[in-house]
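Enquirer: sequence-free structure coming up:
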């Protein structure tokens, strides 16, 4: 486990924890405090027989499906999988889930690039689905912003290095189901990392019959911070804000299991906590039924130890 510290750990603290039976080693590499554990750690918890009446959902790595997974989001994957395995160990029927944000603007850019047959989309040899779409997404940005020949070549060279096609023989991405190509690419990566993903939750999973009444109910709930407010305009699926979609997704998540966890970047913590509180109120659930787990750096001025 790597902890991020805002100052050098005190020697007294290190001496106190290094004598614990389950600590294998301690290494201080500012700003990181790296802890290694031995097998005695599992003795702190009694493994329980799986109980189908105890269900849990762990949502992590939720992003837009227009490029491969990267280290920035994969931290979320590792944390989410650790939580899922811990819950399984404690007897929960725990499922890993990813919210595939397929209504984002980036998706429209890829659709346009495919329909207009940009230079990458015209190729006949393609690689892993997420790599292929990553190249097409990069090309769509070039189409949108333009640029001189040197800059264009540089962007295309970087994209080719980041998203190699290889020789996997994957077919040309189709306009209708290219997101599935990306998800298959992600699944391959997760399988290699031994991370269990049971469900890819696309927007159509929860923005369906009755979602308008959920948003109406959410708008009637007043929760601080006051600067995070929901729109009062006409309800339209195309105009849903990110917070409104988060509320809909958390309502959906709460219906899937007894307890749920959502691993989010620290920069989104306040918004996701807001969405969680409204979702719990709409669904009539206790706020302890949905736990938000932040990861990554906090603001410099108030940084605390986070994974």
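Expert: Here it is on my side, so go on. Keep in mind it's a predicted model, so treat the numbers as computed, not measured. Numbers count the residues shown, from 1 in each chain.
Enquirer: can you mark which positions in stretch 95-109 are buried?
Expert: Within stretch 95-109, the residues scored as buried using 16 or more other C-beta atoms under 10 Å are 95-104, 106-107, 109. All C-beta atoms are positioned from the backbone trio N, CA, C, and that covers glycine.
Enquirer: same question for stretch 260-270.
Expert: 260, 261, 262, 263, 264, 265, 266, 268, 269.
Enquirer: same check, this time on stretch 208-226
Expert: Neighbour count says stretch 208-226 has 211, 214, 215, 218, 219 buried, by 16+ other C-beta under 10 Å.
Enquirer: what is the lowest-pLDDT residue among those residues?
Expert: Lowest pLDDT of the buried residues of stretch 208-226: residue 219, 86.
Enquirer: without its sequence neighbours, what residue ends up closest to it?
Expert: Excluding the flanking residues, the one nearest residue 219 by C-beta to C-beta, 6 or more residues apart in numbering is residue 230, at 5.0 Å.
Enquirer: surely that neighbour meets residue 244?
Expert: Yes. Contact criterion C-beta atoms under 8 Å: residue 230 and residue 244 qualify, at 6.3 Å.
Enquirer: neighbours of the closest residue to residue 129 other than its chain neighbours, how many?
Expert: Residue nearest to residue 129 in three dimensions, not counting chain neighbours: residue 181, with 3.1 Å by C-beta to C-beta, 6+ apart. Residue 181 has 22 neighbours, counted by other C-beta atoms under 10 Å.
Enquirer: the helix or strand hosting residue 88: which residues count as buried?
Expert: Assigning secondary structure by DSSP states H and E places residue 88 in helix 71-89. Across helix 71-89, burial judged by 16+ other C-beta under 10 Å covers 73-85, 87-88.
Enquirer: quick revisit: which of the buried residues of stretch 260-270 sit farthest apart?
Expert: 260 and 266 (19.1 Å; C-beta to C-beta).
Enquirer: about what we covered before: kindly reformat the buried residues of stretch 208-226 as TSV containing secondary structure and distance to residue 275.
Expert: Listed next are the buried residues of stretch 208-226 as TSV, based on DSSP: H, G, I helix; E, B strand; the rest coil; distance: C-beta to C-beta, whole Å:
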residue	secondary structure	distance to residue 275
211	helix	14
214	helix	12
215	helix	12
218	helix	9
219	helix	13
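Enquirer: identify the residue nearest the geometric centre of the chain.
Expert: For the chain, the residue sitting closest to the mean C-alpha position, by C-alpha atoms, centre = their mean, is residue 61 at 2.1 Å.
Enquirer: residue 194: which of the buried residues of helix 71-89 is nearest?
Expert: residue 81 (8.0 Å).
Enquirer: please, where are all the strands along the stretch 101-250 of the chain?
Expert: Counting by DSSP state E, counting those that start in this stretch, one finds strands in the stretch 101-250 of the chain at the ranges 199-202.
Enquirer: tell me where it is predicted with low confidence.
Expert: 117-127, 143-148, 150, 155-156, 159-176, 224-229, 232 (pLDDT under 70).
Enquirer: can you show me the helices along it?
Expert: For the stretch 101-250 of the chain, the helices defined by DSSP state H, counting those that start in this stretch occupy 105-115, 129-145, 149-162, 178-192, 203-206, 211-219, 242-256.
Enquirer: can I get those in a markdown table including distance to residue 28?
Expert: Listed next are the helices of the stretch 101-250 of the chain as a markdown table, based on distance: least, C-beta to C-beta, whole Å:
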| stretch | distance to residue 28 |
| --- | --- |
| helix 105-115 | 40 |
| helix 129-145 | 37 |
| helix 149-162 | 33 |
| helix 178-192 | 31 |
| helix 203-206 | 44 |
| helix 211-219 | 46 |
| helix 242-256 | 37 |
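Enquirer: so which of the ones you listed is nearest residue 16?
Expert: Here helix 178-192 is closest among the helices of the stretch 101-250 of the chain (C-beta to C-beta), at 37.4 Å.
Enquirer: now for residue 230 and residue 244: what residues contact both?
Expert: 215, 218 (C-beta atoms under 8 Å, 6 or more residues apart in numbering).
Enquirer: of these two, which one has the most company?
Expert: residue 244 (22 against 18).
Enquirer: residues touching the more buried one, list them.
Expert: 215, 218, 230, 231.
Enquirer: rerun at 6 Å
Expert: residue 215 (C-beta atoms under 6 Å, 6 or more residues apart in numbering).
Enquirer: separation between it and residue 222?
Expert: According to C-beta to C-beta, to the nearest Å, residue 244 and residue 222 sit 16 Å apart.
Enquirer: again, but for residue 257
Expert: Residue 257 is 28 Å from residue 222, by C-beta to C-beta.
Enquirer: kindly report the same for residue 7.
Expert: Taking C-beta to C-beta, one finds residue 7 at 39 Å from residue 222.
Enquirer: same question, residue 28
Expert: Distance from residue 28 to residue 222, by C-beta to C-beta: 46 Å.
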